[in-house]
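In: all I have is the shape, not the residue letters:
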Ligand SMILES: NC(=O)C1=CN([C@@H]2O[C@H](COP(=O)(O)OP(=O)(O)OC[C@H]3O[C@@H](n4cnc5c(N)ncnc54)[C@H](O)[C@@H]3O)[C@@H](O)[C@H]2O)[C@@H](O)CC1
Ligand SMILES: Nc1ncnc2c1ncn2[C@@H]1O[C@H](COP(=O)(O)OP(=O)(O)O)[C@@H](O)[C@H]1O
Ligand SMILES: [K+]
């Protein structure tokens, strides 16, 4: 059993169908109850570690094998001399609750009895340990099957890691995530990957002979009047990530300086095809509604590497001609960084549908746009045509503050410029992980985007775990 996050090494994720196939293959060589006995033992062990003291442990058991795991754990806890209560309502002296209501088999809105038990678990002030998944959370998507799912303090995932724990509502409901593979090595590829710190190894640093010309040029296009800051944040991030030279083309009224607070940034007065050649371009941060279409069309045609964010995504969503330009770009040359609403616009759907299956939505968008997609939010999804999607295991709600997406777009550009040959799928994964990692390393409260850049900068050449 291991505590999973922060995650040093990337791991495979298995959806419900694959998890059942792994279970069936394992059971072919084992006595019928072997896996459930191992699962129950793991649950009991963690329960004892979490609550070694007095009081009654409530084991809320459902009708399937998730409940079966709970019953075995209850038996083992009793054998250890602990008081245990099995049922759908808590005992008066409850000191720890084990949520063994529903796991992989959740396939509909919780019925009244289940919903009441979920509410009762969420009303407790004692720790709640969820078995395999917080009940009410869908394993494949991290969406809720009904109005409410268990908000666990700990979740012990069993046999195979499920994607739903790590995206959408997963992290908000799972608490501290533990994993026990029940001594079974899966004999199949994951359906998706969970990015760990090893993804940063894709980003070799500059060699000793590097010079600004070898580290690539970034051009940030955006920052209409009133939103100059968004483009400046992206440009500052590109600089901090390691681009050799960073230029800013600000939309609307001309300005005298690119960024008075960052003397290193240069102003790009024009944005003609020859100004785009050879550059890594990030477009859309603070782009506004007007003045963006022309530079966007030029960037789609001429930028050899392109990151499309914010208002540039909205402009593409509204224009079949721009969509066509995007699809016609060279393979492996475009990264789109939508948040769920921007993704919904691009897909012609609504945010709720995107959030109902983030992995699916990101993959559909990648295929539709012939681009790498970073679908942002809790558990960002990185998807590319023909590739296995990745979920970012780093990040926290400290990133839920204005400008952190601009920083990500600029950071991707700044990492890409010196490494023009890197595969965008790997680049976007590593950049997202880095961004999330910096977003975890701070005291409570939101992280201002300007401070985020400094934290990301401080993580250059991150130490080995
Ligand atoms: N396949 C695996 O990876 C392993 C599974 N094990 C455990 O077995 C679980 C899966 O067991 P099951 O397939 O029996 O599935 P569950 O125990 O999750 O649920 C199935 C039962 O719940 C009912 N149900 C589903 N949705 C409901 C809803 N919304 N409201 C009320 N009832 C609902 C179903 O009708 C069925 O009776 C895993 O989550 C895990 O805890 C472990 O014992 C060992 C390995
Ligand atoms: N709760 C959260 N958990 C993890 N990451 C988050 C969370 N909230 C926001 N983020 C991250 O912060 C960034 C926000 O980007 P975005 O929504 O575009 O904001 P903005 O446009 O203000 O910069 C994304 O990278 C997103 O993944
Ligand atoms: K459960």
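Out: Looks like it arrived, so ask away. From a predicted model like this one, the values you see are computed outputs, not experimental measurements. Residues are numbered from 1 along each chain as shown. Ligands and ions are numbered 1, 2, ... in the order given.
In: around ligand 1, pick out the residues from this structure.
Out: Residues of the chain lying close to ligand 1 (CB under 6 Å from any ligand atom) are 19-20, 23, 35-36, 39, 62-67, 69, 102-111, 114, 131-132, 145, 158-160. To be clear about C-beta, it is placed using only N, CA and C from the backbone, and glycine gets the same treatment.
In: which ones among these are found in helices?
Out: The helices in this structure, assigned by DSSP state H, contain 19, 20, 23, 35, 36, 39, 65, 66, 67, 69, 114 from the residues of the chain next to ligand 1.
In: out of the residues you listed, which are buried?
Out: Neighbour-count burial (16 or more other CB atoms under 10 Å) is assigned, among these, to 19, 23, 35, 36, 39, 65, 66, 67, 69, 114.
In: report how many residues lie close to the residue in the stretch 151-300 of the chain that ligand 1 sits nearest to.
Out: Per CB to the nearest ligand atom, residue 159 is where the stretch 151-300 of the chain lies closest to ligand 1, at 3.7 Å. Neighbourhood size, residue 159 [other CB atoms under 10 Å]: 23.
In: for it, list the residues it contacts.
Out: Contacts for residue 159 (CB atoms under 8 Å, 6 or more residues apart in numbering) come out as 19, 22, 23, 26, 35, 39, 180, 181, 182, 184.
In: and which of these is nearest residue 250?
Out: Using CB to CB, residue 19 comes nearest to residue 250 of the contacts of residue 159, at 50.1 Å.
In: return the residues of this protein in contact with ligand 3.
Out: Residues of the chain lying close to ligand 3 by CB under 5 Å from the ion are 99, 103, 130, 131, 135.
In: quick one: the first one is in a strand?
Out: Think residue 99. Yes - under DSSP: H, G, I helix; E, B strand; the rest coil, residue 99 falls within a strand.
In: tell me the spacing between the nearest residue to it once chain neighbours are set aside and residue 39.
Out: Using CB to CB, 6 or more residues apart in numbering and skipping the chain neighbours, the partner closest in space to residue 99 is residue 130 (4.3 Å). To residue 39, residue 130 is 13 Å away according to CB to CB, to the nearest Å.
In: repeat for residue 142
Out: Using CB to CB, we find residue 142 at a distance of 21 Å from residue 39.
In: any regions of the chain where pLDDT drops low?
Out: 461-465 (pLDDT under 70).
In: now do the SS call for the residue of the chain found nearest ligand 2.
Out: Per CB to the nearest ligand atom, residue 405 is where the chain lies closest to ligand 2, at 2.1 Å. Of the three states, residue 405 takes helix according to three-state DSSP.
In: and for residue 178?
Out: Classification of residue 178 using three-state DSSP returns strand.
In: isn't it right up against residue 45?
Out: No - using CB atoms under 8 Å, residue 178 makes no contact with residue 45, being 10.1 Å away.
In: and for those two, which residues touch both?
Out: Residues touching both residue 178 and residue 45 (CB under 8 Å, 6+ apart): residue 1.
In: the more surrounded of those two?
Out: A direct count of neighbours by other CB under 10 Å for residue 178 and residue 45 places residue 178 higher, at 23 against 17.
In: please name the nearest non-neighbouring residue to the more buried one.
Out: Nearest residue to residue 178, sequence neighbours excluded (CB to CB, 6+ apart): residue 156, at 4.5 Å.
In: same deal with residue 191?
Out: By the measure of CB to CB, 6+ apart, the closest residue to residue 191 outside its immediate chain neighbours is residue 15, 4.7 Å from it.
In: what separates that neighbour from ligand 3, distance-wise?
Out: Using CB to the ion, to the nearest Å, one gets 17 Å for the distance from residue 15 to ligand 3.
In: next: residue 16.
Out: Using CB to the ion, residue 16 is found at 14 Å from ligand 3.
In: can you check residue 352 too?
Out: In this view, residue 352 and ligand 3 are 24 Å apart by CB to the ion.
In: then residue 14?
Out: Per CB to the ion, residue 14 is found 17 Å from ligand 3.
In: hang on, that residue packs against residue 22?
Out: Yes - judged on CB under 8 Å, residue 14 makes contact with residue 22 at a distance of 6.4 Å.
In: name the residues contacting each of these two.
Out: Residues touching both residue 14 and residue 22 by CB under 8 Å, 6+ apart: 160, 186, 188.
In: look up the closest residue to the residue in the stretch 251-400 of the chain positioned nearest to ligand 1, ignoring the ones flanking it.
Out: The stretch 251-400 of the chain approaches ligand 1 most closely through residue 356 (15.8 Å), counting by CB to the nearest ligand atom. Nearest non-adjacent residue to residue 356, counting by CB to CB, 6+ apart: residue 143, 4.9 Å away.
In: run a quick neighbour tally on the one you found.
Out: 19.
In: residues in contact with it?
Out: Counting by CB under 8 Å, 6+ apart, residue 143 makes contact with 137, 164, 168, 169, 355, 356, 357.
In: and what of residue 158?
Out: Listed by CB under 8 Å, 6+ apart, the contact set of residue 158 reads 39, 42, 69, 131, 132, 180, 182.
In: quickly find the element holding the closest residue to ligand 3 within the stretch 251-400 of the chain.
Out: Minimum separation of the stretch 251-400 of the chain from ligand 3 (CB to the ion) falls at residue 379, amounting to 19.0 Å. Under the criterion DSSP states H and E, no helix or strand holds residue 379.
In: before we move on, what SS does the closest residue to it other than its chain neighbours have?
Out: Sequence neighbours aside, residue 167 is the residue nearest to residue 379 in space, at 2.9 Å (criterion: CB to CB, 6+ apart). Assigned with three-state DSSP, residue 167 falls in the coil class.
In: pretty sure residue 216 sits against residue 247.
Out: No - in this structure, residue 216 is not within contact of residue 247 by CB under 8 Å, at 11.7 Å.
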